[in-house]
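S.K.: Please work out how this folds:
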Amino acid sequence: MAFPPSVRFGESGLRISTPPGTPPGSYKIEVTGRGLDGRTVTKTLRITVDPVMVPRAVSGRPPVILLNGFQITCSGETDSTLLASQDTFGQMATLLQNDGASVTFFNNCAYGSDVPIEELAAELGNYISALRYTDGTPVTQVDLVAHSLGGLIVRAYLAGLQQNGTFTPLLDPKVNRLVELATPNFGSFLTLLLGGNQTAEMNPGSSFLWNLATWNQYGDDLRGVDAIAVVGNLGTHYAPGHMDDGAVSVTSASLGFTRPDARTRVVPYCHVPVAAGSLTGFFVSCVGGGIAYIDDASHLSAQIVRSFLAGTADWSSVGKSPSQDPVLSQVGGVMLQVPNANFSSATLNVNSASGLLYSEFLSGSIAVLSGSLGSGGNNASSCGPFTVPPGYYSAVRCKSGPVATGVGPLAAGALLTTLGPPRVVASGGSATIAGSGFGAAQCSTCSVMLEPGDTPLQVSAWSDASISIFLPPTSGLVQLVVRTSTGSDSIGVMTSAPALTSVITSITGAATSAPGGIAPGELIAIKGTGLGPANGVSFVLNASGGVDTLLAGTRVTIGGFAAPVIYASATQVNAIVPYEAAGLSSAMLTVSYLGNSSASATVAVLAAQPGVFTTNSTGIGQASAINQDGSFNGTGHPAPKGSYLTIYWTGGGVTSPGGVTGSVNGSTLKYLKQAVTVTVGGVAAVVSYQGSAPGLVDGVLQLNVTLDPTTPSGAVPLVVSSGGVSSPITATVVIQ
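M.R.: Numbering: from 1, shown residues only. Down below sits the predicted model:
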């Protein structure tokens with residue numbers, strides 16, 4: 001197990017408590033002790049850890065997990081029983097059980113003293129994923145009630161924050177509702193007096209708090225979880241009072257950074273219960289009841305928690321919203337990331353470990369000056385002035401261009417419309433990066449890259465304030481990196497891949513639009529619905545100079561072989577039949593988009609299926625042909641009788657040397673193995689070359705023919721035959 005169990009000796013024997021997130025299973029534990037005679041004895045014990053089980057609520061409500069806050073020492077009770085939860089929550093568990101909810105307790109002290117918050121977040125994830133109902137079925141959703149540090153554990157879990165500062169958020173965190181009780185979302189002034197990992201992370205302006213506040217499009221949306229914050233204001237740390245709970249400022253504990261005004265409720269409590277003249281009062285500048293310690297059913301926090309988790313609106317009339325509070329209605333907090341900054345209108349504090357600047361209480365506007373940013377030399381204005389919103393903390397990034405500020409449009413969310421959707425962008429389609437300083441137009445070295453993978457993205461529009469891209473199918477957190485002539489910037493984006501159904505309605509030759517079998521190397525057109533992105537995307541050569549088998553989330557397989565995709569849209573996909581299909585009599589053809597596959601279609605595989613490309617891409621009318629003088633054949637430029645004519649077509653079959661699926665033809669000519677004949681206006685033309693078209697994708701073929709002097713004049717049919725199979729009599733060339 002990742003964390004050792006707590007072992008205690010007593011008169012009744014040995015007592016072992018395993019941390020709550022310990023995965024179920026069998027474990028071996030070595031216990032070493034020293035007897036009265038001084039001898040050291042080691043014993044090996046085998047224990048079985050069963051999953052935590054809760055009864056299924058008759059009302060259908062999710063189980064509630066209580067999470068306690070920061071403990072100066074964890075040398076006392078480390079059990080995760082409901083009895084142990086009373087130290088922090090008093091009667092909370094009993095009242096919630098009376099409401100019909102199942103309740104469990106996640107005790108962070110079970111993991112030892114001062115474990116980094118990111119590790120506790122990972123253990124909370126283990127705990128939630130292993131939670132079972134008493135009938136053995138997994139718990140699919142939970143409600144969370146967190147005091148102080150517990151709220152940061154939840155936020156780190158929702159964001160998937162790792163100790164190295166990266167994020168790996170779960171696609172489904174299984175959280176229904178969250179109640180924060182005095183959570184230091186932007187730090188606690190009290191931790192500045194203490195040492196250790198957890199207190200360093202909770203220091204105002206810490207890198208940990210900045211990362212949590214900016215991980216998703218430079219914000220935190222709590223993954224769309226329905227949430228509320230309960231804030232205490234009975235403290236006296238800040239004069240004249242009612243600005244804190246003795247440990248956390250009212251701006252830090254507010255939820256305004258991700259929820260509207262009413263989702264923060266201000267109540268007259270201390271961070272923890274503090275009696276006048278007590279030792280606790282030496283550290284916590286407050287006297288009164290604790291915000292999370294429920295001593296009876298009339299406790300305001302209990303009223304809010306019970307109503308909110310039950311889905312009633314009674315909580316909205318308990319306490320005050322920030323706009324009703326005399327302090328929060330006037331001031332807000334701010335945390336800024338800007339190097340070498342000087343401030344013209346306010347004094348801010350600096351976190352020496354992170355270099356981030358912060359202030360618990362500001363009002364009005366603030367201007368940021370920095371010698372390292374901007375183009376005007378020392379003290380050049382780099383950002384601002386900007387207005388500090390009252391009622392909560394803001395995380396502000398000051399940077400010279402380019403600056404990416406957001407990505408949209410957001411995917412449709414399940415959250416109530418009054419709260420706004422989660423900050424998630426649907427992948428596999430068009431997206432827009434908003435910001436500033438990108439440049440008026442895309443320069444030769446300007447690009448947008450997708451991380452991880454360092455993948456260049458297709459750009460359809462570029463301006464100084466926005467960039468339109470195609471966002472390939474992804475799920476989870478990705479980084480978009482904008483590179484311009486003046487610098488670069490990146491932004492984290494949560495993405496989702498929409499569930500779609502791909503349906504094939506027809507398979508034809510891309511040159512002819514005619515049904516029938518397919519041939520190795522032939523360019524084909526597949527039509528249907530849900531085959532690709534709404535806006536069509538054409539291929540670009542990959543880093544190896546070839547054509548990829550995945551384009552904008554669309555993939556085609558023929559006989560089990562991946563086909564190069566040259567065009568993808570919702571209703572049509574153009575692909576090249578893999579040369580590996582040669583020798584098959586039939587093949588199963590499947591199209592998948594964003595991982596959603598169509599039903600397979602059976603197609604006949606032929607040795608050849610000739611089709612002449614036409615200028616209107618229908619296979620009917622003017623053929624794609626070049627006259628001897630280099631002009632495009634047509635009514636205005638007819639070909640003289642007896643002259644030389646170049647024709648472009650597909651479906652001729654295998655070549656020698658063999659074709660390479662997805663490659664681009666080079667200077668080495670590949671000749672068709674099967675005999676090719678051509679008639680123009682019913683008269684045979686002399687074929688001098690039949691094979692690959694240099695510089696075009698392998699599968700596009702070229703014919704060089706000499707017209708017979710007796711060829712009829714006018715727009716006459718052009719027919720190409722390969723291996724005894726002829727193209728439709730629908731393409732024409734114009735003869736003088």
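S.K.: Identify the residues contacting the helix or strand hosting Tyr648?
M.R.: In this structure, Tyr648 is located in strand 644-650 according to DSSP states H and E. The list of residues contacting strand 644-650 from outside it, by Cβ atoms under 8 Å, 6 or more residues apart in numbering, reads 509-511, 521-523, 610-613, 623-628, 633, 639, 678, 680, 685, 693, 696, 699-707, 718, 720, 727, 733. C-betas here are computed from N, CA, C, even on glycine.
S.K.: so Ser129 sits in a helix?
M.R.: Yes - secondary structure of Ser129 (DSSP: H, G, I helix; E, B strand; the rest coil): part of a helix.
S.K.: pLDDT score for the closest residue to it other than its chain neighbours?
M.R.: If the residues on either side of it in the chain are set aside, Ser129 comes closest to Lys174, at 7.5 Å by Cβ to Cβ, 6 or more residues apart in numbering. Here the pLDDT value assigned to Lys174 is 93.
S.K.: and Phe632, how many neighbours?
M.R.: Other residues within reach of Phe632, judged by other Cβ atoms under 10 Å, total 12.
S.K.: what ranges do the helices span in this structure?
M.R.: Taking DSSP state H as the criterion, the chain contains helices spanning 82-89, 92-98, 117-130, 149-159, 197-202, 207-214, 250-253, 280-283, 300-310.
S.K.: Out of the ones you listed, which one sits most buried?
M.R.: When neighbours are counted by mean count of other Cβ atoms under 10 Å, the highest per-stretch mean among these falls to helix 250-253, a mean of 29.
S.K.: Quick check: mean pLDDT of it?
M.R.: In the prediction, helix 250-253 has an average pLDDT of 98.
S.K.: quick one on the thing from earlier: in its sheet, what does the strand holding Tyr648 sit against?
M.R.: Paired strands of strand 644-650, with direction, are strand 611-612 (antiparallel), strand 625-627 (antiparallel), strand 700-706 (antiparallel) (DSSP bridges).
S.K.: how far does it sit from the chain's center?
M.R.: When distances are taken as Cα atoms, centre = their mean, to the nearest Å, strand 644-650 is centred 48 Å away from the chain's centroid.
S.K.: Would you single out the least confident of the helices of the chain?
M.R.: Among the helices of the chain, helix 280-283 scores lowest, with a mean of 82.
S.K.: quick one: contacts of that one?
M.R.: By Cβ under 8 Å, 6+ apart, the list of residues contacting helix 280-283 reads Leu190, Leu193, Val272, Pro273, Val274, Ala275, Val287.
S.K.: rerun that using 6 Å as the cut-off
M.R.: Applying Cβ atoms under 6 Å, 6 or more residues apart in numbering, the set of residues contacting helix 280-283 from outside is Val274.
S.K.: again with stretch 543-556
M.R.: Counting by Cβ under 6 Å, 6+ apart, the neighbours of stretch 543-556 from elsewhere in the structure are 428, 470, 473, 532-533, 537, 539, 542, 562-565, 568, 573, 575, 591-594, 662-663, 697.
S.K.: give the contact list for Pro116.
M.R.: Listed by Cβ under 6 Å, 6+ apart, the contact partners of Pro116 are Gln163, Asn197.
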